[in-house]
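> I'll drop the sequence and a predicted model, then ask my questions.
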Amino acid sequence: MYGADVEQVAIELNEDPQKLADFEARIARGEKIEPGDWMPAEYRRQLIRMISQHAHSEVVGMLPEGAWITRAPNLRRKLILLAKVQDEAGHGQYLYHAAETLGATREEMLDALLTGKAKYSSIFNYPTLNWTDIGTIGWLVDGAAILNQTMLARCSYGPYSRAMVRICMEENFHKKQGQEMVIRYSQGSARQRQMIQDAITRWWWPTLMMFGPHDADSPNSGVLIRWGIKTRTNDELRQDFINQLVPDLQACGIQLPDPDLRYDEQSGNWQIGEIDWDEFWRVIKGDGPMNAERMAARRKAHDDGLWVREALSAYAEKHSPLN
Ligand code: BYC
């Protein structure tokens, strides 16, 4: 359907063919679609799904790292981690605002997260077992996120693409602090080298899963690419990440946990063994190592924040010009 001509798509989506053709022509010219502009209902639905899930990922993503703020090995590392976790709260805010421009309310989005209807990135359902996990998240997880988000900075929806510009700048700082830690620990004592190897071994495959299922198993990619929301596919971005990270990690003396990993001269790509997709689907359906704990932490934060929301509403009511 999504490779089909505009007439066919309009029939299938029950949209006005002329409006759809004009909309697609704007995207083809590289124009941004803005909140008040005409857009197909499916474009709006896909964006709300993706942006709200992205916002939830930023907010849930504070939990694995936040747990280490009190256990950072020195003041410099603690300050960096505090700033990083704070940035992630900010990213969640920009993204919820971007989704609100499409008509989704904050309450609806949070309700979808807290009742398990909305997803958030699979990666945050894995535990952070020791301090070197923090460096590993910075280099691998933020590195993967940057590749995806640099693509989204070029997406056709104006508010989402603009939110990505600042987010990517901050993510670059996150990635660099992680890279610096991994390099340092890989050159450190035998114990540090063993810890960083263990962390990379645990995070490698879950990081590759972050890019989503293979293109052939990705039901949303067709329409997202047709309308310029995604400009690269899940597999293309995953391959770029692998090609960047494999030589860098190997230069640190780190072994990747993949006996099938090999360099393919012909394509210039590093080829990996098969990802455990059963694990991926289990994790995104709620059955990963940390899903229950992450959701319990978010529900508690939401309940603990009730008095703040009530106080804000009471203040707004008291000062409303209508009263
Ligand atoms: N995790 O058709 P597909 C960060 C779902 S946070 C969970 O390929 P799509 C950071 C997918 O939603 C960065 N679910 O989907 C924060 C779909 O299910 P629904 C997070 C996943 O949308 C704190 C189904 O699988 N980045 O950087 O075309 C600290 C089929 O997939 C995942 C974003 O959110 C997954 N990994 O492509 C440190 C970026 N993968 O919704 C760092 C925005 C797939 O139909 N999102 N699913 O029920 C995207 O770019 C795209 O949504 C994805 C998936 C590439 C993730």
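Perfect, thanks for sending it.

> And the residue of the stretch 1-150 of the chain that's closest to the ligand?
Distances between the stretch 1-150 of the chain and the ligand by Cβ to the nearest ligand atom are smallest at Gly61, namely 2.4 Å. (Glycine included, C-beta is placed from N, CA and C.)

> now the nearest residue to that residue once chain neighbours are set aside, what's its secondary structure?
Distances taken as Cβ to Cβ, 6 or more residues apart in numbering put Phe124 closest to Gly61, at 5.1 Å, once the chain neighbours are dropped. Put simply, Phe124 is helix when judged by DSSP: H, G, I helix; E, B strand; the rest coil.

> Which residues does the host helix or strand of Met109 contact?
Secondary structure assignment for Met109, by DSSP states H and E: helix 106-114. For helix 106-114, the external contacting residues (Cβ atoms under 8 Å, 6 or more residues apart in numbering) are 52, 55-56, 60, 96, 99-100, 117-118, 120, 295, 298-299, 302.

> Try it again at 10 Å.
48-49, 51-53, 55-56, 59-60, 95-97, 99-100, 104-105, 117-120, 295, 298-299, 301-303, 309 (Cβ atoms under 10 Å, 6 or more residues apart in numbering).

> Give me the buried subset of those.
48-49, 51-53, 55-56, 59-60, 95-96, 99-100, 104, 118-120, 295, 298 (16 or more other Cβ atoms under 10 Å).

> before we move on, back to that, is any residue of the helix holding Met109 near the ligand?
No. Helix 106-114 does not reach the ligand (Cβ under 6 Å from any ligand atom); its nearest approach is 10.7 Å.

> do the following helix or strand past that helix and the ligand meet at all?
Scanning forward in sequence from helix 106-114 by DSSP H and E, the next helix or strand is helix 132-136. No. Contact of helix 132-136 with the ligand (Cβ under 6 Å from any ligand atom) is absent, the minimum separation being 10.5 Å.

> Which strands and helices lie in contact with helix 132-136?
The contact analysis (3 or more Cβ pairs under 10 Å, 6 or more residues apart in numbering; DSSP states H and E) places helix 132-136 against helix 62-66, helix 75-100, helix 158-186, helix 190-209.

> between those helices, which gets nearest to Leu249?
Comparing the helices and strands packed on helix 132-136 by their distance to Leu249 (Cβ to Cβ), the top pick is helix 190-209, with 6.5 Å.

> so the residue lying closest to Arg282 once chain neighbours are set aside, which of the three states?
Closest residue to Arg282 apart from its sequence neighbours, by Cβ to Cβ, 6+ apart: Gly288 at 6.6 Å. Classification of Gly288 using three-state DSSP returns coil.

> do the same with Lys230
coil.

> give me phi/psi at it?
Note on Lys230: backbone dihedrals following degrees, to the nearest 10 are phi -100, psi 140.

> Starting from the ligand, give me the distance back to it.
6 Å (Cβ to the nearest ligand atom, to the nearest Å).

> Leu249 too?
Applying Cβ to the nearest ligand atom to Leu249 and the ligand gives a distance of 18 Å.

> Do I have it right that Ala153 meets Ile167?
Yes. Ala153 lies in contact with Ile167 (Cβ atoms under 10 Å); the separation is 8.2 Å.

> Pull up the residues of the stretch 51-200 of the chain that are close to the ligand.
Counting by Cβ under 6 Å from any ligand atom, the stretch 51-200 of the chain sits next to the ligand at 53-54, 57-58, 61, 88, 119, 121-122, 141-142, 145, 148.

> Now pLDDT too, for these, in TSV please.
Output for these, formatted as TSV (pLDDT from 0 to 100):
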residue	pLDDT
Gln53	98
His54	98
Ser57	98
Glu58	98
Gly61	97
Glu88	97
Lys119	96
Ser121	98
Ser122	98
Val141	98
Asp142	98
Ala145	97
Asn148	97
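
> can you redo the residues you listed as a markdown table with distance to Leu129?
Converted to a markdown table, those look like this (distance: Cβ to Cβ, whole Å):
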| residue | distance to Leu129 |
| --- | --- |
| Gln53 | 26 |
| His54 | 26 |
| Ser57 | 21 |
| Glu58 | 22 |
| Gly61 | 17 |
| Glu88 | 20 |
| Lys119 | 24 |
| Ser121 | 19 |
| Ser122 | 18 |
| Val141 | 15 |
| Asp142 | 19 |
| Ala145 | 21 |
| Asn148 | 25 |
